[in-house]
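1. Fold the following for me, if possible:
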Amino acid sequence: MQTIRNIRLQSQHLVNQKITDIKELVQYMGAIQAQEYTMAKWAIGSRLGSATDKTIEEAFNEGKILRTHVMRPTWHFVANEDIRWMVELSSKRIISACISLGKQWEIPEKQYLKAINLIEKLLEGNNHLTKEEIKKEFEQRNIPSDIPEINRYLMRAEAEGLICSGAVKNKKQTYALIDERAPATNTLTKEEALARLASRYFLSHSPASMNDFIWWSGLLISEAKQAVKLIEKDLIFEKFEGSELIIHRSVDYQPVLDDSIHFLPSYDEYLISYKNRTNVLDLEHYSKAFNTYGIFYPVLAHNGRIVGNWKKSANKKQLSVDTSLFIEIPDIKEILYEQAHKKYHSFLDKK
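-> Sure, this is the predicted structure:
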């Protein structure tokens, strides 16, 4: 188990960090789940030596990294250069889901198209709008726009490759046109996109199984197998405690690591990006890390093993982190906690 954890800590860029650029890190990871925006920024910051909450938000506002629904689908950070081909890989499944949910909410296709056209017009000219602002525009035009409906419109527009995240406005997320946020790039064939997605995943998530990749990518089983086949020469297939896992040949790892503690954010890639999580989290403690509704909590990892939870203290005068262990580790060195606290404080730019 520890060998798997050691390799993952390094491939996930949680230790032995070599990348220093925010966009490069997101591109290296393929995508970073961004269900909770604040925590997702920490997911980036915890993997970079000098990035702060402020510098990550600046990169986001400038459009170097973007937030949209891709893959499973759920919110992810992706590099601006990658958004088009990643959306294209996911689009058919998301549109199909939107149509199905539209029938449930009695949203006819004609209404979808009318809504998407309006959204496109409202956002033209780098006019970034919040969901509430878009909803208000719909109401003024007597277009049905209850929350379930407006969510369906926006997700459909994302899947169509029309919109993505805009700059943060008054601490609220906004939407913008992809054509005004992301540079034009060469179109990838489906095979090229599959190969690139598989390469990014196994480079930054090794060792992982085929089932892990299927779960993370949201691809059909046949598509995932095709993707792995396309980059087979770049992969090593090894048995770890009776299970076959895949390691990208470019993963440069040390077999033995110094002791470490990591305060991992909710929905962190270290946990959520694998179908089987028992390599880093004991099955009996699953409920401490996530619930049956798919809500993931901030967790504390010791040498890559998830052993507890953490949360930012409610004390507004002084920043501190409260921790609680659900697995007792009697020999944890106090300096490891101090190092983890220091990194989080530096990310928040707190003294």
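2. neighbours of the residue lying closest to M71 once chain neighbours are set aside, just the number please.
-> In space, and not counting its chain neighbours, M71 is closest to G218: 4.1 Å by CB to CB, 6 or more residues apart in numbering. Every residue, glycine included, has its C-beta placed from N, CA and C. Using other CB atoms under 10 Å, G218 has 17 other residues around it.
3. Going along the chain, name the strands of the stretch 101-250 of the chain.
-> Taking DSSP state E, counting those that start in this stretch to define them, one finds strands in the stretch 101-250 of the chain at 129-130, 163-165, 174-177, 235-240, 243-248.
4. now for those, which one comes closest to I116?
-> Evaluated with CB to CB, the strands of the stretch 101-250 of the chain place strand 163-165 nearest to I116, the distance being 8.8 Å.
5. ok, the closest residue in space to A195 that isn't next to it in sequence - contacts?
-> Leaving aside its chain neighbours, A195 sits nearest to L230 (4.1 Å; criterion: CB to CB, 6+ apart). L230 makes contact with E191, L194, A195, A198, according to CB atoms under 8 Å, 6 or more residues apart in numbering.
6. at 10 Å instead, please
-> Contacts for L230 (CB atoms under 10 Å, 6 or more residues apart in numbering) come out as E191, E192, L194, A195, R196, L197, A198, S199.
7. Check what pLDDT it gets.
-> For L230, the model assigns a pLDDT of 98.
8. Distance of it relative to H69?
-> Distance of L230 to H69, given as CB to CB, to the nearest Å: 25 Å.
9. quick revisit: point out the most buried one among the strands of the stretch 101-250 of the chain.
-> Each of those was scored by mean neighbour count; the highest is strand 163-165, a mean of 27, by mean count of other CB atoms under 10 Å.
10. same for that one, what does it pack against?
-> strand 65-70, strand 74-79, helix 83-104, helix 109-123, helix 147-159, strand 174-177, helix 178-181 (3 or more CB pairs under 10 Å, 6 or more residues apart in numbering; DSSP states H and E).
11. Pipe those into JSON lines and attach mean pLDDT and distance to L271 per row.
-> Below are those laid out as JSON lines (pLDDT from 0 to 100; distance: least, CB to CB, whole Å):
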{"stretch": "strand 65-70", "mean pLDDT": "96", "distance to L271": "19"}
{"stretch": "strand 74-79", "mean pLDDT": "96", "distance to L271": "14"}
{"stretch": "helix 83-104", "mean pLDDT": "82", "distance to L271": "21"}
{"stretch": "helix 109-123", "mean pLDDT": "92", "distance to L271": "34"}
{"stretch": "helix 147-159", "mean pLDDT": "89", "distance to L271": "25"}
{"stretch": "strand 174-177", "mean pLDDT": "98", "distance to L271": "29"}
{"stretch": "helix 178-181", "mean pLDDT": "96", "distance to L271": "29"}
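12. Take the ones you listed and lay them out in JSON lines including distance to E241.
-> Below are these laid out as JSON lines (distance: least, CB to CB, whole Å):
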{"stretch": "strand 65-70", "distance to E241": "32"}
{"stretch": "strand 74-79", "distance to E241": "30"}
{"stretch": "helix 83-104", "distance to E241": "32"}
{"stretch": "helix 109-123", "distance to E241": "48"}
{"stretch": "helix 147-159", "distance to E241": "39"}
{"stretch": "strand 174-177", "distance to E241": "46"}
{"stretch": "helix 178-181", "distance to E241": "44"}
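13. Can you tell me which of those is nearest to Y28?
-> Closest among the helices and strands packed on strand 163-165, using CB to CB: strand 74-79, at 9.1 Å.
14. what's the angle between the closest one and strand 65-70?
-> Interaxial angle of strand 74-79 relative to strand 65-70 (axes from the mean of the first three to the mean of the last three CA atoms, to 10 degrees): 140 degrees.
15. on contacts alone, who are the packing partners of strand 74-79?
-> helix 22-29, strand 32-33, helix 37-45, helix 53-61, strand 65-70, helix 83-104, strand 163-165.
16. tell me the most buried of those?
-> strand 163-165 (a mean of 27).
17. Tell me which strands it pairs with, and in which orientation.
-> Using DSSP bridges, strand 163-165 pairs in its sheet with strand 174-177 (antiparallel).
18. can you list contacts of the strand it pairs with?
-> 61, 63, 66-68, 119-120, 122-131, 133-134, 154, 157-158, 162-168, 181-182.
19. go again using 6 Å as the cut-off
-> Contacts to strand 174-177, defined as CB atoms under 6 Å, 6 or more residues apart in numbering, come from residues L123, H128, L129, T130, I163, G166.
20. same deal with stretch 237-254?
-> 4, 7, 10-11, 202-203, 206-209, 234-236.
21. chain center to that stretch: distance?
-> Centroid separation for stretch 237-254 versus its chain: 23 Å, with CA atoms, centre = their mean, to the nearest Å.
22. pLDDT on that stretch, on average?
-> 92.
23. Now the terminal residues of that stretch, how far apart.
-> End-to-end distance of stretch 237-254 (CA to CA, to the nearest Å): 18 Å.
24. For stretch 129-148, buried residues please.
-> L129, T130, K131, E133, I134, K135, F138, I143, S145 (16 or more other CB atoms under 10 Å).
25. ok, now stretch 178-193?
-> I178, D179, E180, R181, A182, L188, A193.
26. Would you mind saying which of the strands of the stretch 101-250 of the chain lies nearest I261?
-> Nearest to I261 among the strands of the stretch 101-250 of the chain is strand 235-240; the distance by CB to CB comes to 23.9 Å.
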